[in-house]
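Asker: A predicted structure for the sequence below; I have some questions about it.
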Amino acid sequence: ERRPPPAAAPHASAPPPPGGCYACAPGAGSEGGACCVLRLARWAERHGLPAPQPAEEHVAFLEREHARYAHKLLRAWRRLSDASHGRAASPT
């Protein structure tokens with residue numbers, strides 16, 4: 001169901017900037033740095049605007065992808081930290 005765009009709330013002077021999370025940043029799989037729908041929903045709620053209502057499956061997918069990407073960043077950080085301290089990289 002499509003709704004007409006709401007009138008901007010007085011305290012919502014600008015839309016959220018693109019990205020907002022590393023998983024949705026340009027070069028991380030998001031073309032052009034699109035705003036993450038999870039971030040957009042939080043921003044809209046904070047500004048008193050209707051939030052997007054993605055399907056539960058889509059939200060679950062995005063949450064899994066964010067967690068997967070966070071683990072990827074942690075593994076890279078650990079490898080770099082180990083290398084900078086002259087240790088062999090951990091297997092995880």
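Answerer: Nice, thanks for sending it over. Numbering: from 1, shown residues only.
Asker: How much space separates residue 79 from residue 85?
Answerer: 11 Å (CB to CB, to the nearest Å). C-beta coordinates here come from the backbone N, C-alpha and C atoms, glycine included.
Asker: Looking at these two, which is more packed in?
Answerer: Between residue 79 and residue 85, counted using other CB atoms under 10 Å, the more crowded position is residue 79 (14 against 7).
Asker: What average pLDDT does the host helix or strand of that one get?
Answerer: Per DSSP states H and E: residue 79 is located in helix 56-84. Regarding helix 56-84, the rounded mean pLDDT is 89.
Asker: tell me how far the ends of stretch 35-53 are from each other?
Answerer: 15 Å (CA to CA, to the nearest Å).
Asker: For that stretch, buried residues please.
Answerer: 35-41, 43-44, 47, 49 (16 or more other CB atoms under 10 Å).
Asker: counting contacts, what elements does the helix or strand where residue 40 lies pack onto?
Answerer: Under the criterion of DSSP H and E, residue 40 resides in helix 37-46. Under the contact criterion of 3 or more CB pairs under 8 Å, 6 or more residues apart in numbering; DSSP states H and E, helix 37-46 touches helix 56-84.
Asker: Could you check the angle the helix it packs on makes with helix 37-46?
Answerer: Taking axes from the mean of the first three to the mean of the last three CA atoms, to 10 degrees, one finds helix 56-84 and helix 37-46 inclined to each other by 110 degrees.
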